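Novice: no sequence on hand, only this structure:
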């Protein structure tokens, strides 16, 4: 193409330049002496021919150089076209392929020779062919760039989502298309949509009332538990009804109530940056029922200042605390009459005696097990084993008693929590005998763990999934049909 342009657009200035160069070269040659007028005319004619010949030779040299340059440029442009990271295709008005680069070949997953003169429409999914037909018609009729999104459906291969941009060629007998593979982008978009729906479903499944407010206190969003709680308290059965309320205004209307004032001050502290997290326990009794809630709030990681607030019903925990307190008082009163295991060690002989209750606690009997200090210590868990070993050494050598709560296994491998005590009997100023109790306190430990678990059940107030589920306290997890964990919170 460059060669043709040079031949076509050579102007008079080029002719003058070649003429001057030819004259200069010819003047360097020897000049023949003039004789007659005829000879002079002949010499002038010869001179003109020689000048023209030199001029043609110089033009030919430059044309050869221009042609070589054009060939190099053509190769570069061909490489740029063929090896471009996006697909290039030229189509006729009926959709037949006339040119195609390697990226487009890779998308269509056929040999290049096979694709030329093949109809591009055959590679599209049935549901996007109509979209492409309309697109192709617009390209040829509107004569401006058009865009569409289609799916390449190649047999036995996953679908490829492609965005196509097209313009009509200068000759107007074909169109030039660019194909951009957006499959990964579509997968990411679908995954984000799925994750969003997944998060919403998960938040709605939580037994905690959750809402999001802006910096003015306006309620932006609530979860299903919040809606259900609202309905039970006279609100309409829709999340939109809550958006007519301002959280701050509700607190201000009851500002003389110390709980309302504390909550309002805590939320202001978050907005002003003096606090990063706020929680508050408050009673919310009705004439027929006593109930308590734990309110937790935290700024969300969003551009606009927004606060996620959760209200967890901690009535069971509060009642459990009262019950545990009563149980502890009853336990203290009944411990004197309680049947607990006993043990005794003769330091001099090494003989260890267990009562029947101590055998029972260890899931064994005198006929099955012969107790020794080493055997008894070996059943303790590693950390507890170190503690009891050190305590026994101090008792035997220094006469120091102890009262410990440790973890051990029974002879049947059952894991239990125990309380063991030691009183030292001296003879001649030296430790002679160790006596103590051995009590199974597993149930008490379970009650304590249940109380801790109940308290931790209110630990939810983080933004979205990470801002919420790790704070509810109760273990939350999701399993697939093969019982594999997909998600689990810190609990």
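Specialist: Right, received. Where do you want to start? Bear in mind the structure is a predicted one, so any value in this text is a computation, not a measurement.
Novice: ok, for residue 204, nearest residue in space, not its chain neighbours?
Specialist: Leaving aside its sequence neighbours, residue 204 sits nearest to residue 224 (C-beta to C-beta, 6 or more residues apart in numbering; 4.0 Å). Using the backbone N, CA and C atoms, a C-beta is placed for each residue, glycine as well.
Novice: buried sites along the helix or strand residue 386 falls within?
Specialist: Following DSSP states H and E, one finds residue 386 within helix 382-398. Neighbour counts using 16 or more other C-beta atoms under 10 Å place 384-385, 387-388, 391-392, 394-396 of helix 382-398 among the buried residues.
Novice: again, but for stretch 429-441
Specialist: 431, 434, 436-441.
Novice: how about those residues in a markdown table, adding distance to residue 277 and secondary structure?
Specialist: Output for the buried residues of stretch 429-441, formatted as a markdown table (distance: C-beta to C-beta, whole Å; DSSP: H, G, I helix; E, B strand; the rest coil):
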| residue | distance to residue 277 | secondary structure |
| --- | --- | --- |
| 431 | 53 | strand |
| 434 | 50 | strand |
| 436 | 45 | strand |
| 437 | 44 | strand |
| 438 | 44 | strand |
| 439 | 40 | strand |
| 440 | 39 | strand |
| 441 | 35 | coil |
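Novice: which element, helix or strand, includes residue 366?
Specialist: Residue 366 is part of no helix or strand, with elements assigned from DSSP H and E.
Novice: phi first, then psi, for it.
Specialist: As for residue 366, its main-chain torsions (degrees, to the nearest 10) stand at phi -60, psi -30.
Novice: for the stretch 351-491 of the chain, just list every one of the helices.
Specialist: Counting by DSSP state H, counting those that start in this stretch, the stretch 351-491 of the chain has helices at residues 356-361, 373-378, 382-398, 442-456, 464-468.
Novice: in this structure residue 414 contacts residue 363, no?
Specialist: Yes - when contacts are counted by C-beta atoms under 8 Å, residue 414 is listed as touching residue 363 (6.0 Å).
Novice: more neighbours, those two?
Specialist: Per other C-beta atoms under 10 Å, whichever of residue 414 and residue 363 has more neighbours is residue 363, with 15 against 12.
Novice: what sits against that one?
Specialist: Going by C-beta atoms under 8 Å, 6 or more residues apart in numbering, residue 363 touches 410-412, 414.
Novice: pick out the most distant pair among these.
Specialist: Of all pairs drawn from the contacts of residue 363, the widest gap by C-beta to C-beta lies between 411 and 414 and measures 8.7 Å.
Novice: so which strand or helix has residue 140?
Specialist: Going by DSSP H and E, residue 140 is in helix 126-142.
Novice: now the helices: where do they sit in the stretch 1-150 of the chain?
Specialist: Going by DSSP H, counting those that start in this stretch, the stretch 1-150 of the chain shows helices at 2-8, 12-27, 37-82, 102-108, 112-115, 126-142.
Novice: can you give me the buried ones in the shortest one?
Specialist: For helix 112-115, a neighbour-count test (16+ other C-beta under 10 Å) marks residue 115 as buried.
Novice: list the contacts of that helix.
Specialist: Contacts for helix 112-115 (C-beta under 8 Å, 6+ apart): 97, 100, 102, 105, 108.
Novice: next, give phi and psi for the residue nearest to residue 204.
Specialist: Residue torsions, per degrees, to the nearest 10, at residue 224 are phi -60, psi -40.
Novice: and the host helix or strand of residue 202, what other elements does it pack with?
Specialist: Assigned by DSSP H and E, residue 202 belongs to helix 183-205. When contacts are defined as 3 or more C-beta pairs under 8 Å, 6 or more residues apart in numbering; DSSP states H and E, helix 183-205 packs onto strand 160-168, helix 224-232, helix 464-468.
Novice: compare these and give me the one nearest residue 373.
Specialist: Taking the helices and strands packed on helix 183-205 one by one with C-beta to C-beta, helix 464-468 is closest: 50.2 Å.
Novice: quick one: mean pLDDT over that closest one.
Specialist: Across helix 464-468, the average pLDDT comes to 58.
Novice: most packed of the helices and strands packed on helix 183-205?
Specialist: strand 160-168 (a mean of 20; mean count of other C-beta atoms under 10 Å).
Novice: the next helix or strand after it to strand 160-168, inter-axis angle?
Specialist: With elements assigned by DSSP H and E, the helix or strand that comes after strand 160-168 is strand 174-181. Comparing the axes of strand 174-181 and strand 160-168 via axes from the mean of the first three to the mean of the last three C-alpha atoms, to 10 degrees yields an angle of 150 degrees.
Novice: and strand 174-181, which strands flank it?
Specialist: Partners of strand 174-181 in the sheet, by DSSP bridges, are strand 87-92 (antiparallel), strand 160-168 (antiparallel).
Novice: for those, which one sits closest to residue 130?
Specialist: strand 160-168 (14.1 Å).
Novice: which residues are in contact with that closest one?
Specialist: 87, 107, 132, 135-136, 139-140, 143-152, 154, 174-183, 185-186.
Novice: go on, stretch 122-129?
Specialist: 108, 121, 132, 149-154, 159.
Novice: just the endpoints, please. Distance across it?
Specialist: Across its full length, stretch 122-129 reaches 9 Å between end residues, using C-alpha to C-alpha, to the nearest Å.
Novice: quick one: mean pLDDT for it?
Specialist: pLDDT averaged over stretch 122-129 gives 93.
Novice: ok, now stretch 46-66?
Specialist: pLDDT averaged over stretch 46-66 gives 70.
Novice: okay, buried residues for it please.
Specialist: Within stretch 46-66, the residues that count as buried by 16+ other C-beta under 10 Å are 51, 54-55, 58-59.
Novice: what strands line up against the strand of greatest length in the chain, and which way round?
Specialist: Secondary structure of the chain per DSSP state E: the longest strand is strand 415-427. Under the criterion DSSP bridges, strand 415-427 sits next to strand 402-409 (antiparallel), strand 430-440 (antiparallel) in its sheet.
Novice: any stretches of the stretch 301-450 of the chain with poor pLDDT?
Specialist: 327-339 (pLDDT under 70).
Novice: re the thing from before, need the contacts of helix 112-115 in a markdown table with pLDDT, distance to residue 322 and neighbour count, can you?
Specialist: Shown next, in a markdown table, are those (pLDDT from 0 to 100; distance: C-beta to C-beta, whole Å; neighbours: other C-beta atoms under 10 Å):
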| residue | pLDDT | distance to residue 322 | neighbour count |
| --- | --- | --- | --- |
| 97 | 94 | 80 | 22 |
| 100 | 91 | 79 | 25 |
| 102 | 89 | 76 | 15 |
| 105 | 90 | 76 | 17 |
| 108 | 89 | 73 | 22 |
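Novice: farthest-apart pair in the residues you listed, please.
Specialist: Going by C-beta to C-beta, the pair spanning the contacts of helix 112-115 furthest: 97 and 102, at 13.7 Å.
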